[in-house]
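**Q** Using only what follows, build the 3D model:
(2 chains)
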Protein chains: 2
Amino acid sequence: MSLPHISPSIRVRRTPFTRRVEEAGVKAYSVYNRMLIPGYFHSIEEDYAHLKRAVQVWDVSCERQVEIKGPDALALVQMTTPRDLSRMTDDQCYYIPMVDDEGQILNDPIVIRLAEERYWLSLADSDMLYYCKGLAMGRDLNVQIFEPDVSPLAVQGPKSDELIERVFGADIVETRFFRHKTVNFQGQDMVIARSGWSHQGGFEIYLDGSQHGEALWDTLFEAGKDLDVRAGCPNLIERIEAGLLSYGNDMSINDTPFESGLGKYCNLDSATECLGHAALMQKQNPGRQIRPLAVAGPAVPSISWSWPLTDTAGNTAGHVTSITWSPDFEINVAIAMVRKDHWAAGTTLNVQAPDGPRAAEVRDSFWI
Amino acid sequence: MSLPHISPSIRVRRTPFTRRVEEAGVKAYSVYNRMLIPGYFHSIEEDYAHLKRAVQVWDVSCERQVEIKGPDALALVQMTTPRDLSRMTDDQCYYIPMVDDEGQILNDPIVIRLAEERYWLSLADSDMLYYCKGLAMGRDLNVQIFEPDVSPLAVQGPKSDELIERVFGADIVETRFFRHKTVNFQGQDMVIARSGWSHQGGFEIYLDGSQHGEALWDTLFEAGKDLDVRAGCPNLIERIEAGLLSYGNDMSINDTPFESGLGKYCNLDSATECLGHAALMQKQNPGRQIRPLAVAGPAVPSISWSWPLTDTAGNTAGHVTSITWSPDFEINVAIAMVRKDHWAAGTTLNVQAPDGPRAAEVRDSFWI
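**A** Next up is the predicted model:
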């Protein structure tokens, strides 16, 4: 049986790059922040191998930006996150867990400081525009909150530096990790950061103005021909190997930053204005936490609901949140939420996969 | 070329009915509130013809519920909508535009009053959970806001009453339009309302507890065999004919209720606590408005971005937001946002469809 296709509609938005993505032969899509995100181009395995050896251009427009600007902008963002933003400089990007008043995770965006009174939240898959608007309205904050016409295009892979240098020059390649600079593309200034949702290195270009999308795409492909540049997208295998968590898969409003292994982004000593501060003070020692998991047997089927984990006696031990076969490590690599009694590295557990039970082992680190 | 399929993931949630939907041969999906919604089963045309003559069961779990309860529940909901909720009774459902402080539409759910201090918002496609949480937190309101384990299953079509009577009895069939009652299904109380996103009549059963989903589905199919009950879903043709607006397609945060033809749900004389009240007072005479549009020529291709409308001199006149071929009316039926100078019934316009320009005529009513 063929897999159901995705219905065309305006509601699930196309991006400034969708025509190019289609021309590149996209074979699957998902929907992220009500916008199309490519699923794979050749196969997930082929895309993975290519990502690790060359350079890819990713349409991640679905990482929608929420712009917050005005005198209360910093105060508003700080209310939503336990990460201390007070020493952030105008060229920095921070990965921040955003939480509600119970310390539960609402999103885990990258916040980009553009100026003291101007920030972008580069979102994971939830409507922080609505949350921030509600909060600002409730508190009568002096801010403007809106979605600018900005769509990230990622350049990822070991040859990213070479490609970016060719297009934007050596100065841009010197950008440090999670710092941003400004490039001018055909007359339009755009933010570019050394960041991206892979462990292969690269940049994210914040396309400023949809009308420049296809020209930017074409310029990158023209300049990277001999680097074997290809269309790509966040790769399931590579991101599990690297332990990159996915909001909606590995964490949600049901989890805290401590449960999700994001405790290092919680500055509870100083970020006291975070509305979840009091709750998080009580939740610092979680009874379960995200762990890497190696799962035995042949390649697992696709996961579309949490698979239960049990200990060898059959007791509940947690659940698998992401899993796939890794061609390079020749094992099923997984991310799991594991209860404290079972989370020590080396613990043997059982996964209830749809095609039957499998042995699994908790690891002390991801595959990096 | 085959259409891209939809990538499986946990992030795009399955519903309590997805296994049954798959067994019924779903051929396409979309994503709505980060959950699967079926796109069609046989073909959009066949599903349409069947919906108009028989009865269908629709998995509309993606109409996620936001439960708001507590002493400030009514006050919170009233802040978000210009519709006056003060005379709502405990068995009523209201269709409400929800707006921000600028009077722009955030969602158009059905609000279900369960008790004086307990409401469900049965959502269109945007995260009102986040908006309401932000607002409640900002105002320090005494409410709880969460997503209950409730998933609507719609029964739609001319034989809906017959099917519902067989399963739930004659008393339930007497439920009036946009009123709700409670049924007990296998020991579990569930809300049932005479409502649904078609013009063919029917009910929405608010499945309370995912574990009952397949039993409820099976019970309806068993009871409706001789009524030719089938799996269905909101049908593009039927809903355009009926003028049912779709959030994200026909309206968004860029539109006001007056622009979207929802002025009758704005009680500006009494609903003064709506945070968008002052803005809406200024926006009562919009310069553009939703109109039915008949578009000439053979069946149009699928729409996945707004198609521009021009007048016969080539001036901008608006844009098409939804369109499809109607087998029954033998014309392309469309919903469009049309500028005031051009919105009079009978006005001739041109649609810039992807396959070329077409003549169109503004109508005074939808096809009902």
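**Q** For the stretch 1-150 of chain A, which residue gets nearest to chain B?
**A** With C-beta to the nearest C-beta, the shortest gap between the stretch 1-150 of chain A and chain B falls at residue A:138, namely 1.7 Å. Quick note: C-beta positions are derived from backbone N, CA and C, even for glycine.
**Q** contacting residues around residue A:59?
**A** For residue A:59, the contacting residues are A:15, A:17, A:18, A:20, A:21, A:37, A:38, A:153, A:231, A:233, by C-beta atoms under 8 Å, 6 or more residues apart in numbering or on different chains.
**Q** Tell me the spacing between the closest residue to it other than its chain neighbours and residue B:345.
**A** Residue nearest to residue A:59 in three dimensions, not counting chain neighbours: residue A:17, with 4.2 Å by C-beta to C-beta, 6 or more residues apart in numbering or on different chains. Here the criterion is C-beta to C-beta, to the nearest Å. By it, residue A:17 lies 40 Å from residue B:345.
**Q** Which of these two has more residues huddled nearby?
**A** Taking neighbours as other C-beta atoms under 10 Å in any protein chain shown, residue A:17 and residue B:345 compare with residue A:17 leading, 25 against 11.
**Q** In contact with the residue in the stretch 201-350 of chain A positioned nearest to chain B, which residues?
**A** Proximity of the stretch 201-350 of chain A to chain B (C-beta to the nearest C-beta) peaks at residue A:248, 3.2 Å away. Applying C-beta under 8 Å, 6+ apart to residue A:248 gives the contacts A:124, A:125, A:126, B:9, B:10, B:11, B:12, B:34.
**Q** repeat that with 7 Å
**A** A:125, B:10, B:11, B:34 (C-beta atoms under 7 Å, 6 or more residues apart in numbering or on different chains).
**Q** related to what we said a few turns ago, the residue nearest to residue A:59 contacts residue A:61, correct?
**A** Yes: using C-beta atoms under 7 Å, residue A:17 is in contact with residue A:61, at 6.5 Å.
**Q** Flag every buried residue along stretch A:355-368.
**A** For stretch A:355-368, a neighbour-count test (16 or more other C-beta atoms under 10 Å in any protein chain shown) marks A:358, A:360, A:362, A:363, A:366, A:367 as buried.
**Q** Remind me which helix or strand the first one belongs to.
**A** With elements taken from DSSP states H and E, the one containing residue A:358 is strand A:356-362.
**Q** so what pLDDT did residue A:1 get?
**A** Residue A:1 carries a pLDDT value of 49.
**Q** wait, what's in contact with residue A:279?
**A** Residue A:279 neighbours (C-beta under 7 Å, 6+ apart): A:101, A:102, A:103.
**Q** Considering only the residues you listed, which also neighbour chain B?
**A** residue A:101 (C-beta under 7 Å from any C-beta of the partner chain).
**Q** related to what we said a few turns ago, could you point out which of the contacts of residue A:248 is nearest to residue A:326?
**A** For these, the minimum distance to residue A:326 (C-beta to C-beta) is 18.7 Å, reached by residue B:10.
**Q** How many residues are close by the closest one?
**A** So residue B:10, with other C-beta under 10 Å, has 20 neighbours.
**Q** Enumerate every residue touching residue A:256.
**A** Residue A:256 neighbours (C-beta under 7 Å, 6+ apart): A:103, A:104, A:105, A:280, A:283, A:286.
**Q** do the same with residue A:38
**A** Counting by C-beta under 7 Å, 6+ apart, residue A:38 touches A:21, A:26, A:29, A:59, A:233.
**Q** gap between the fourth one and residue B:237?
**A** When distance is defined by C-beta to C-beta, residue A:59 is 31 Å away from residue B:237.
**Q** Next: the second one.
**A** In this structure, residue A:26 lies at 28 Å from residue B:237, with C-beta to C-beta as the measure.
**Q** now swap in the last one and tell me
**A** Distance, residue A:233 to residue B:237, using C-beta to C-beta: 33 Å.
**Q** Looking at those two, which is more packed in?
**A** residue A:233 (27 against 22).
**Q** from what I can see the more buried one touches residue A:58, true?
**A** Yes: assessed by C-beta under 7 Å, residue A:233 is found in contact with residue A:58 at 5.2 Å.
**Q** Outside of the one helix or strand in chain A whose mean pLDDT sits lowest itself, list whatever touches it.
**A** Here the helix or strand of chain A ranked lowest by mean pLDDT, DSSP states H and E is strand A:5-6, holding a mean of 94. With C-beta under 7 Å, 6+ apart as the contact definition, strand A:5-6 has outside contacts at A:29, B:3, B:4, B:5, B:6, B:28, B:29, B:30.
**Q** Selecting buried members of those residues in PyMOL, what would you type?
**A** Selecting the buried subset of the contacts of strand A:5-6 in PyMOL, with 16+ other C-beta under 10 Å as the burial test, is done by:
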select buried, (chain A and resi 29) or (chain B and resi 4+5+6+28+29+30)
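**Q** Can you tell me, leaving aside adjacent residues, what's nearest to residue A:67?
**A** residue A:148 (4.8 Å).
**Q** Count residues in the vicinity of the one you found, would you?
**A** 14.
**Q** so how far is residue B:222 from it?
**A** As judged by C-beta to C-beta, residue A:148 and residue B:222 stand 53 Å apart.
**Q** buried stuff in stretch A:129-146?
**A** Within stretch A:129-146, the residues scored as buried using 16+ other C-beta under 10 Å are A:129-139, A:141, A:143, A:145.
**Q** Then stretch A:218-231?
**A** Quick answer for stretch A:218-231 (16+ other C-beta under 10 Å): A:219, A:220, A:221, A:223, A:224, A:227, A:229, A:230, A:231.
**Q** distance between the ends of that stretch?
**A** 11 Å (C-alpha to C-alpha, to the nearest Å).
**Q** Can you tell me the element residue A:332 falls in?
**A** Judged by DSSP H and E, residue A:332 forms part of strand A:331-339.
**Q** hmm, back to that, tell me the two of the contacts of residue A:59 that are most distant?
**A** Across these, the longest distance by C-beta to C-beta is 14.2 Å; it joins A:20 and A:37.
**Q** Low-confidence stretches in the stretch 251-368 of chain A?
**A** The model of the stretch 251-368 of chain A has no residue with pLDDT under 70.
**Q** Return the subset of the contacts of residue A:256 lying in strands.
**A** If you go by DSSP state E, the contacts of residue A:256 have residue A:105 in strands.
**Q** and which of the contacts of residue A:256 is nearest residue A:199?
**A** When these are compared for distance to residue A:199 (C-beta to C-beta), residue A:105 wins out at 21.9 Å.
**Q** returning to that earlier point: which one of the buried residues of stretch A:355-368 sits closest to residue A:66?
**A** Nearest to residue A:66, judged by C-beta to C-beta, of the buried residues of stretch A:355-368 is residue A:366 at 29.3 Å.
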